[in-house]
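Pasted the sequence and its predicted model underneath.
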Amino acid sequence: MVKSFSLIESNLVWDVGNGAKVQIGRDPWLGSELHHILPGDVINALAIRGIHTLDQLAVQRPEEPWFQHWKSADMLGLGDPEAGFLDNYIRGLQSAHIQISDREDVLIWDSNPEGAYTPKAGYLKLSTEEGIREEVWWWRSLWKLKCPSKSRLFMWCALENRVPTWDILQKRSFQGPGWCVLCKKDLETNTHLFISCPYSNVVWKECLRLVGLNIRWEGNSVTSAWESWWRNVPLAKLKSLPLLVIWGIWLARNGAIFQERASIPEIISAQAVGIFKALPEHVRAANQKRDLDIELDKSHPWGFFDRAAQNDVCGGGAVLYMSDSHYFTITMGLGVGRNNFAKIMSLKLLLIFVVEKGIKRLSTLGDSMNIVNWINQSQACRNVRLANILSSIQNVILSFDNFTCRHVYRDNNQAADQASKDGLNLAFGIWKIDEVKDGQHNSYYHRPFID
């Protein structure tokens, strides 16, 4: 609890509303990282000009509700090096998509998407600060296996050496015999119980006979044994067999301790294999039939949007159709961010491009159900980092005479998807526009609204 005081304080930031409470050069905002810090002489230079809080740095442009303009160093008469620091500060505001509105500023906790401190969020933050582990190969693979969830969770414990075997319990001050109850020959550890125990060896030998495999379950740890198994088994379904065998061995161990019940190893093998054979075969998503036909009202323009995110760098893509023979492919550099940020920004920038073209009626289509539901207000957006962007999108939508946003399958969104992947190679704020009209092709780069 004492450690949490500094943890809470160090992660407090402003969710900017009217900007009246945010002190320039001192107070962090959502997504500011270190961009909010300014040297004392820059803060003093701004104060002399009557600029102390964020609202005093803003320039109101009612005709452009989708983008916030700021007073530049030239406008304020700042020279070097103060001008360089202020320009960097403003770039931080732009990259975080800060926009002044009528509501009050709110102080929130930045390490929780919902903006509030909770014990769970604090625990996750502290756990992360203890050290970030490099991802291991089985972290994602394990949870995709088609087998009972209990066996997947137990396998995770075994791979992480977190099964409460006697060696682990004794470290936690539990009193007990310490020896393996199944073989009564050695100290019970994770490796002994699931790999080297004579009882477990009989279970494994019978299991392999029943499924007709001529390989061995062996290694100096459960992780190394399963890695070897994963590489050498011929069928994808067989990758889940160790989960059932290990779970069965653990149940036999608990039965011997708590119920004084001796389990015959061949029965444990038969039960594990029986469950294994009853597991469903994996069905590829591509084999599932989908209705990919979509109805489009082509009496006015329509557009598709999508996103790409890789290593915390985002790209956006959109295709705007004026007609079947006249369309724009828009590739966007979105800077730093992740999936949902990239999705919602792709839609926002498509709308900005549409507004620049003077279009008042538009149908939009995307393969993100979350974004579609947020736009149609059938689902609440609880991510404070995205709520402001969503609010600015709603402001843009108000300028249309007619607007719809619908969900389509990814197969219907291939062109926008490819454009978004190309956007990963563009710097933040840069757009590449490809226009096709009556067979004629034209390409150019664009910095909408930022110039």
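Arrived safely, thanks for sending.

shaky segments in this protein?
Applying pLDDT under 70 to the chain flags residues 1-4, 62-66, 128-135, 281-293, 447-451.

What are the boundaries of the strands in this protein?
With DSSP state E as the criterion, the chain has strands at 12-15, 58-59, 69-70, 106-109, 302-310, 313-323, 326-336, 361-366, 402-407, 431-437, 440-446.

Outside of the first one itself, list whatever touches it.
I take that to be strand 12-15. Contacts to strand 12-15, defined as CB atoms under 8 Å, 6 or more residues apart in numbering, come from residues 21-22, 27-30, 32, 105-110, 115, 384, 388. C-beta: built from backbone N, CA, C; applies to glycine.

Could you pull out the buried residues of that strand?
When burial is assessed from 16 or more other CB atoms under 10 Å, strand 12-15 yields the following buried residues: 13-15.

Please apply the same query to stretch 216-223.
Residues of stretch 216-223 classed as buried by neighbour count (16+ other CB under 10 Å): 217, 219, 222-223.

before we move on, back to that, could you dump the strands of the chain to TSV with distance to P265?
Shown next, in TSV, are those (distance: least, CB to CB, whole Å):
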stretch	distance to P265
strand 12-15	58
strand 58-59	74
strand 69-70	73
strand 106-109	53
strand 302-310	48
strand 313-323	53
strand 326-336	55
strand 361-366	55
strand 402-407	52
strand 431-437	65
strand 440-446	69
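
Can you select the buried ones from the contacts of strand 12-15 in ChimeraX?
To isolate the buried subset of those in ChimeraX, counting by 16+ other CB under 10 Å, use the following:
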select :21,22,27,28,29,30,32,105,108,109,110,115,384,388
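
Now intersect the contacts of strand 12-15 with the helices, please.
Within the contacts of strand 12-15, residues falling in helices by DSSP state H are 384, 388.

Nearest to P177, out of the contacts of strand 12-15: which one, please.
For the contacts of strand 12-15, the minimum distance to P177 (CB to CB) is 47.3 Å, reached by W109.

Give me the neighbour count for G439.
6 (other CB atoms under 10 Å).

what do you get for N402?
11.

residues in contact with the nearest residue to it once chain neighbours are set aside?
Sequence neighbours aside, R361 is the residue nearest to N402 in space, at 4.3 Å (criterion: CB to CB, 6 or more residues apart in numbering). By CB under 8 Å, 6+ apart, the residues touching R361 are 300-301, 400-403.

now, which of those sits nearest K144?
Comparing those against K144 with CB to CB places F403 closest, at 38.5 Å.

And for that closest one, nearest residue in space, chain neighbours not counted?
Per CB to CB, 6+ apart, closest to F403 is I397, 5.1 Å.

so who does the one you found touch?
351, 375, 403.

for K71, same thing?
51, 57-59.

my read: A158 touches I195, true?
No - assessed by CB atoms under 8 Å, A158 is found out of contact with I195, at 10.1 Å.

Return every residue with contacts to both of those two.
Common neighbours of A158 and I195 (CB under 8 Å, 6+ apart) are V222.

If you count surrounding residues, which of the two has more?
Comparing A158 with I195 by other CB under 10 Å, the one with more neighbours is A158, at 26 against 20.

Can you report how many residues neighbour C147?
C147 has 20 neighbouring residues, counting by other CB under 10 Å.

need the contact list for it.
C147 is in contact with 240, 243-244, 275-276, 279, counting by CB under 8 Å, 6+ apart.

of all the residues you listed, which comes closest to L187?
L243 (24.5 Å).

okay, now that closest one: neighbour count?
Quick note: L243 (other CB under 10 Å) scores 25 neighbours.

Then the one 10 residues further on?
The burial count assigned to R253 is 22, neighbours taken as other CB under 10 Å.

Over to W204?
Using other CB under 10 Å, W204 has 26 other residues around it.

Leaving out the residues flanking it, which one is nearest to it?
Going by CB to CB, 6+ apart, W204 has W217 as its nearest residue, at 4.7 Å.

That neighbour and P242, how far apart?
7 Å (CB to CB, to the nearest Å).

Now list whatever residues contact both of those two.
Joint contacts of W217 and P242 (CB under 8 Å, 6+ apart) are 225, 229.

Would you check that I294 makes contact with D411?
No - I294 lies out of contact with D411 (CB under 8 Å); the separation is 10.3 Å.

Who does C314 form a beta bridge with?
A309, G335 (DSSP bridges).

what about the closest residue to G92 other than its chain neighbours, how many neighbours?
With sequence-adjacent residues excluded and distances taken as CB to CB, 6+ apart, G92 is closest to H35, at 2.5 Å. By other CB under 10 Å, the residues close to H35 number 18.

now L208
Using other CB under 10 Å, L208 has 18 neighbouring residues.

can you pull the contacts of the nearest residue to it once chain neighbours are set aside?
Ranked by CB to CB, 6+ apart and with sequence neighbours excluded, the top spatial neighbour of L208 is I215, at 7.1 Å. Applying CB under 8 Å, 6+ apart to I215 gives the contacts 208, 229, 232-233.

try R103
Contacts of R103 (CB under 8 Å, 6+ apart): 17-18.

backbone phi and psi for it, please?
Backbone torsions of R103, given as degrees, to the nearest 10, read phi -80, psi 160.

For V16, see how far away it is.
In terms of CB to CB, R103 sits 9 Å off from V16.

before we move on, the earlier item: could you point out which of the buried residues of stretch 216-223 is nearest to I268?
Using CB to CB, W217 comes nearest to I268 of the buried residues of stretch 216-223, at 13.8 Å.

Do I have it right that the closest one meets E227?
No - taking contacts as CB under 8 Å, W217 lies outside contact range of E227: 11.7 Å.

any idea how far the residue lying closest to M155 once chain neighbours are set aside lies from A272?
With sequence-adjacent residues excluded and distances taken as CB to CB, 6+ apart, M155 is closest to L243, at 4.5 Å. Plainly put, L243 is 9 Å away from A272 if you go by CB to CB.

what's the answer for Q94, then?
Remark: distance between Q94 and A272 (CB to CB) = 58 Å.

Who has more neighbours out of these two?
A272 (27 against 17).

That one contacts C207, correct?
Yes - between A272 and C207 there is a contact under CB under 8 Å: 5.9 Å.

okay, and the common contacts of those two?
Residues touching both A272 and C207 (CB under 8 Å, 6+ apart): 241, 245.

Not counting residues beside it along the chain, what's closest to L426?
Spatial nearest neighbour of L426, chain neighbours left out: G333 (3.1 Å); criterion: CB to CB, 6+ apart.

Repeat that for V384.
Nearest one to V384, counting by CB to CB, 6+ apart, is G115 at 3.9 Å.

distance of that neighbour from L34?
Here the criterion is CB to CB. By it, G115 lies 20 Å from L34.

Also V59?
Applying CB to CB to V59 and L34 gives a distance of 24 Å.
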